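A.B. asks: Predicted structure and sequence below. I'll ask about it afterward.
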Amino acid sequence: METLEQIKARLEAAIPGVRLEVVVNGAVATQSSLLVDSAHAVQVARFLRDDQELRLDYCSNVTGVDWLEAELTEKVKMKRVVDGVEKEVEETRTTRRPGHLEAVYHLYSMEKKHGPVIIRLRTENRGDRPHLPSLTPVWRGCEFQEREIFDLYGIVFDGHPDLRRILMWDGFQDHPMRKDYVEPDDYEYEPTPHDAVLERARRHCEPEAKA
């Protein structure tokens, strides 16, 4: 199968204006991914599915990721003149990463028996613009998995045929897989209640008992 860089180059040649970036996975060198801009995501998905060399006809899983705003530091080597002599010195750069959400798709070809190719879509932020295009019209197997990400992370998949909660009930507030999610303490029962749940329930009921 082609490398991710080769796939990126062919996508850029086939889809005018597409914005792509190879995201390196430092932990697993063979699982780098391709960040795709939302505006061209459906076109990219169709290319990956229909291209005769790739035929990525199966989406095995879709996962959500919550990235909080963070300050990142990296060490870079720079050329500097020190005491009249040019030297290579190491400097530390600090950048701020805005908070955002991602949907990550793992793609395989059942026909060609190769993969995975991993693509990721990124929302504008974690607040009022959590939208991404749904890829369910391209890979039908994404339907329930995008619903799960909508339910647990709050990503709104535009164009999804049936976007509604799949694990939590309709009236549930918030999204339990967000990193800043706060568990409620106003419940006393679960199928196998344990000490932490009972302690939260006790603290919740104390003000009522004192009143």
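C.D. replies: Structure's in. What do you need? Residues are numbered from 1 along each chain as shown.
A.B. asks: where along the protein do the helices fall?
C.D. replies: 4-14, 41-50, 143-153, 195-210 (DSSP state H).
A.B. asks: pLDDT on stretch 87-105, on average?
C.D. replies: Throughout stretch 87-105, pLDDT has a mean value of 90.
A.B. asks: Then stretch 135-152?
C.D. replies: 97.
A.B. asks: buried ones in it?
C.D. replies: 135-136, 138-139, 142-143, 145-152 (16 or more other CB atoms under 10 Å). C-beta coordinates here come from the backbone N, C-alpha and C atoms, glycine included.
A.B. asks: what about Tyr105, neighbour count?
C.D. replies: The tally of other residues near Tyr105 (other CB atoms under 10 Å) stands at 28.
A.B. asks: Quick check: the gap between it and Arg80.
C.D. replies: 43 Å (CB to CB, to the nearest Å).
A.B. asks: likewise Ala14?
C.D. replies: For Ala14, the distance to Arg80 (CB to CB) stands at 43 Å.
A.B. asks: how is this structure carved up into domains?
C.D. replies: With automatic domain parsing as the criterion, the domains of the chain are listed as 4-66+100-180, 182-211.
A.B. asks: can I get these in TSV with distance to Val85?
C.D. replies: Shown next, in TSV, are the domains of the chain (distance: least, CB to CB, whole Å):
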stretch	distance to Val85
domain 4-66+100-180	34
domain 182-211	56
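A.B. asks: before we move on, back to that, deepest of the helices of the chain, which one?
C.D. replies: Most buried of those, by mean neighbour count (mean count of other CB atoms under 10 Å): helix 143-153, with a mean of 21.
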